[in-house]
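In: please work out how this folds:
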Amino acid sequence: MINVIAFVVAVPLSVELFGAFYAVFDASRQPESRAAAVERLAVPLIVWAAFWWLVGAEAWYLLAAALGFVVICHIAVFYIGAWLIRRPNMLTISVDTESDGV
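Out: The predicted structure follows:
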């Protein structure tokens, strides 16, 4: 039961960790926002390390499985979204209701 709880807690931690990594990557080309991105990365890394210490080093496979699960979900959502965008019958048509008919 502890393993299931550890996995369930590790998934949102993994999402936050990947979000912080993406923020650092995005800010690498913008010098004025690098410090804020690294500060955003510090909190998930500290929480991840504390959780690893709490769960124990022998349960590293649970944390790795959570990271892998988040990566697979991220890739799946990306490709499903790209597939839906390419299908015109799945898109909605916007209607301009504010124009005066011109």
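In: how about the residue nearest the centre of the chain, nearest residue that isn't a chain neighbour?
Out: To find the centre residue of the chain, average its C-alpha atoms and take the closest one (C-alpha atoms, centre = their mean): that gives Val15, at 4.0 Å. Leaving out its chain neighbours, the residue that sits closest to Val15 by C-beta to C-beta, 6 or more residues apart in numbering is Val70, at 5.6 Å. Where C-beta positions appear, they are placed from N, C-alpha and C, glycine not excepted.
In: one more: Trp60?
Out: Excluding its sequence neighbours, the residue lying closest to Trp60 (C-beta to C-beta, 6+ apart) is Trp52, at 7.6 Å.
In: so that neighbour is in which element?
Out: Under DSSP states H and E, the secondary-structure element containing Trp52 is helix 34-55.
In: tell me which helix or strand comes right after that helix.
Out: Secondary structure here is assigned by DSSP H and E; on that basis, the next helix or strand after helix 34-55 toward the C-terminus is helix 60-86.
In: ok and that next one relative to helix 34-55, angle-wise?
Out: Using axes from the mean of the first three to the mean of the last three C-alpha atoms, to 10 degrees, the interaxial angle of helix 60-86 with respect to helix 34-55 works out to 130 degrees.
In: so which bits of helix 60-86 are buried?
Out: Buried positions in helix 60-86, judged by neighbour count with 16 or more other C-beta atoms under 10 Å: Leu62, Leu63, Ala65, Ala66, Leu67, Val70.
In: could you say what helices and strands it packs with?
Out: Helix 60-86 is packed against helix 2-27, helix 34-55, with contacts defined by 3 or more C-beta pairs under 8 Å, 6 or more residues apart in numbering; DSSP states H and E.
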